[in-house]
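Chemist: Okay, predicted coordinates and the sequence, questions at the end:
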Protein chains: 2
Amino acid sequence: MHSKQELKKVHQRILPYIHRTPVLQSSLVNEISETKLFFKCENFQRMGAFKMRGATNAILQLSKEQQKKGVVTHSSGNFAQALSLAAKSIGVPAYIVMPSSAPQVKKDAVKTYGGKITECPPNLKNREETAQQIIRETGASFLHPSNDTNVILGQGTAAIELLTEIEDLEFIVTPVGGGGLIAGTALAAHFFGKNCKTIGAEPFEVDDAYRSLQSGKIEINETTNTIGDGLKTQLGDKNFPIIKEHVSQIIRVEEKEIIEALRLIWERMKIIIEPSSATALAAVLREKEKFRNKKTGIIISGGNVDLKNLPF
Amino acid sequence: MHSKQELKKVHQRILPYIHRTPVLQSSLVNEISETKLFFKCENFQRMGAFKMRGATNAILQLSKEQQKKGVVTHSSGNFAQALSLAAKSIGVPAYIVMPSSAPQVKKDAVKTYGGKITECPPNLKNREETAQQIIRETGASFLHPSNDTNVILGQGTAAIELLTEIEDLEFIVTPVGGGGLIAGTALAAHFFGKNCKTIGAEPFEVDDAYRSLQSGKIEINETTNTIGDGLKTQLGDKNFPIIKEHVSQIIRVEEKEIIEALRLIWERMKIIIEPSSATALAAVLREKEKFRNKKTGIIISGGNVDLKNLPF
């Protein structure tokens, strides 16, 4: 079982490697949402997303022997960049398996952060086999982007910082993708909040987590037609039990609500956030009654967007 | 003559009406520019630009009698919004003369902030006549966006705050449009800096200020083909003498350098700034040798952009 002490240790462990990101407020967005919102800006985190936290914790929890052999993951998103940068900061090799179809901009980002890319044909079976082969050859440790206890605990440190600044939050809302962020946040809210509820925000188009909480088992998405491209993955056996125990609700939002919330934050707060991150504000705006005049924290999960491909 | 005491009073006067905006740093942008940059983020100012400062000071310097009759300006840009919001905050009517051709989004913004719009045919003569007519009818005071001493002093307060936080800046770089911001900044650097030089950044396409400093008289632009749409205006008789005395250099930049600097700030710092604001970083990148390893302040003048019309 987890404890407040354990989470504190995780936070202390990763502190030298991460930014303490600011908590922003906007009187205009508060007026529109009729609530008191506190935005924890992980878009300003190193490499532009909260994933830096979990990746750092997971690498630091390996033995010196394991660290020497390196870490490996298969991802084409923020976790690949996070693992590369965290590994570089700690002085550990990072092997990243990426589908050959991944956009060049993502490959370049991983390279910038020092990750060693191995390309493979674009399907899950090939990605897993390629990762296995790297493990056999190098002895590197596989780290999963969201279904790994040390990753989950690391992601929870954003909420620890938020609750240290704003102690009496009644809600924290996070997007739900693979489940690492919301599981870590829910643990942090449980141990550091004063009766603070954790709520997930998920596009209707990929509502696997919503359905998983309904059915009691991990559901998958048949299609992934959402602008929230960080939210297409499914929950795992490490984070689902935490989510079942500590997440009070998952609110689903329409694609147009995500784009509207995205525009609101860009235009009014002048900060760049990912579409995935906008689901949290979209959920608050959709269920105004629930949040009216309540102090609500929002985890802005990241700010890595392709400026050539905006939905405005 | 101006004095440090006078500038301090201006700052105290407007403080209740403005945000104290943050000063951001980016290790990545520092690496690329090989300098130490401190970004004063007026894109986070109320209504999204530094113009809120000058408008507020100018209104507060009117007599109660004058305030009751209101203020008038002709502008289709940030000053129209700033004057509307400042007037509303202080409880004063604001009359805004706008060309009928102004984009609806700008008219809507002025209305949101409570400004009363009078439309006129789109040329300077009509704008001035319409403003004169409003003055005759209402007794309102005309306030110029940049060539007004109280406006200039108000704009300088952003640099006062920046120099209070980072006392030993060697340079402050601002964009140059109508000259209000750079004149106010230069006064602040003179009185509050420790041998801090003020440098202007101007697109080659609208280099009237550069040419004015060369010739010693106010020059105009024949064409205004720049992405920095806040920089098309010319200097005036109130700010030009200050600029001549206190600005050490104006650096001109290419359009593609502005866009590159804009992209760098959006992508790396995850903040939304106007193209006009990006000229300052573009100037630092263009003259790397000058700024190498020097502590340099950059005034990010604003963040009001049309998301439907981005240069990426």
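Modeler: Received it, and whenever you're ready, just let me know what you need.
Chemist: and the helix or strand containing A:Met52 with chain B, contact?
Modeler: A:Met52 is located in helix A:51-60, with elements delineated by DSSP states H and E. No - judged by CB under 8 Å from any CB of the partner chain, helix A:51-60 stays clear of chain B, getting no closer than 13.6 Å. Heads up, the C-betas are built off the backbone N, CA and C, glycines and all.
Chemist: residues making contact with that helix?
Modeler: A:10, A:13-14, A:17-18, A:45-46, A:67, A:71, A:78-79, A:81-83, A:85-87, A:89-90, A:92, A:143, A:145-146, A:148, A:150-155, A:157-158, A:180, A:184, A:302 (CB atoms under 8 Å, 6 or more residues apart in numbering or on different chains).
Chemist: Now narrow these to whatever sits close to chain B.
Modeler: Restricting the contacts of helix A:51-60 to those near chain B - CB under 8 Å from any CB - leaves none.
Chemist: hmm, back to that, and the next helix or strand past the helix holding A:Met52?
Modeler: Assigned by DSSP H and E, the successor of helix A:51-60 is helix A:64-69.
Chemist: and the helix holding A:Met52, how far from the chain's centre?
Modeler: Its chain's average C-alpha position is 12 Å from that of helix A:51-60, according to CA atoms, centre = their mean, to the nearest Å.
Chemist: Spell out the secondary structure type for whichever residue of the stretch 1-150 of chain A sits closest to chain B.
Modeler: For the stretch 1-150 of chain A and chain B, the shortest gap (CB to the nearest CB) falls at A:Asn43, measuring 4.7 Å. Per DSSP: H, G, I helix; E, B strand; the rest coil, the secondary structure class of A:Asn43 is helix.
Chemist: Which pLDDT value belongs to it?
Modeler: pLDDT for A:Asn43: 97.
Chemist: One more: A:Ala82?
Modeler: Confidence score, pLDDT, at A:Ala82: 97.
Chemist: What number of residues are in the vicinity of the closest residue to A:Ser301 other than its chain neighbours?
Modeler: What sits nearest to A:Ser301 in space, not counting adjacent residues and going by CB to CB, 6 or more residues apart in numbering or on different chains, is A:Ser277, at 4.6 Å. For A:Ser277, the neighbour count with other CB atoms under 10 Å in any protein chain shown is 35.
Chemist: Quick one: residues contacting A:Ser277.
Modeler: A:Asn43, A:Pro175, A:Ile299, A:Ile300, A:Ser301, A:Gly302, A:Gly303.
Chemist: Which ones among these map onto strands?
Modeler: Cross-referencing the contacts of A:Ser277 against strands under DSSP state E gives A:Pro175, A:Ile299, A:Ile300.
Chemist: which of these tops the neighbour count?
Modeler: Neighbour-wise, those (other CB under 10 Å) top out at A:Ile300, 32 neighbours.
Chemist: quick one on the thing from earlier: right, and out of the ones in strands among the contacts of A:Ser277, which lies closest to A:Ile220?
Modeler: The nearest member of the ones in strands among the contacts of A:Ser277 to A:Ile220, counting by CB to CB, is A:Pro175 at 17.9 Å.
Chemist: Correct me if wrong: that closest one contacts A:Gly228.
Modeler: Yes - contact criterion CB atoms under 8 Å: A:Pro175 and A:Gly228 qualify, at 6.8 Å.
Chemist: Need the residues touching each of those two.
Modeler: A:Ser276, A:Thr279.
Chemist: What is the neighbour count of whatever residue of the stretch 151-300 of chain A ends up closest to chain B?
Modeler: Relative to chain B, the nearest point of the stretch 151-300 of chain A is A:Lys270 (3.8 Å; CB to the nearest CB). A:Lys270 sits with 24 neighbouring residues when counted by other CB under 10 Å.
Chemist: burial of A:Glu129, as a residue count?
Modeler: Around A:Glu129 there are 15 residues (other CB under 10 Å).
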